[in-house]
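Q: Sequence and predicted structure, then a few things I'm wondering about:
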Amino acid sequence: MEFTKGLINEHARFGIATVQPNRAIKKCKIRKLRVEYFLDEIAVLLVAPKSCVSCDRREECTDDFMFQIIEKYNERNKHADAYYLL
């Protein structure tokens, strides 16, 4: 938590989302993962699931996770004044 303290400001939004790994990766047998995230004005900070920590394809899925989180957030808050760009 000390590491993230300097990265997250008071406007960051915390959430938990169910995401899917990169569909191009056939190696991953898990189809739905729960990730914790902080959504900020300039970044998405993810807390990777335990199953992803030792995976060598983690970087590829991380991009997909971020896009899915932003899409879901924008969909839930479509009537708000602000939304996040992909």
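A: Done, it's in. Residues are numbered from 1 along each chain as shown.
Q: In this structure, which helix is the longest?
A: In terms of residue count, the longest helix belonging to the chain (DSSP state H) is helix 58-76.
Q: Identify each buried residue in that one, please.
A: R58, C61, T62, D64, F65, M66, I69, I70, Y73 (16 or more other Cβ atoms under 10 Å). C-beta: built from backbone N, CA, C; applies to glycine.
Q: which strands and helices sit next to that helix?
A: strand 13-19, strand 33-39, strand 44-47 (3 or more Cβ pairs under 8 Å, 6 or more residues apart in numbering; DSSP states H and E).
Q: switch to 6 Å and redo it
A: strand 13-19 (3 or more Cβ pairs under 6 Å, 6 or more residues apart in numbering; DSSP states H and E).
Q: Pull out the buried positions in the strand it packs on.
A: Buried-residue list, strand 13-19, by 16+ other Cβ under 10 Å: A17, V19.
Q: can you start the count at 609 instead of 1 from here on
A: Yes, from this point I'll number from 609; that puts the last item at strand 621-627.
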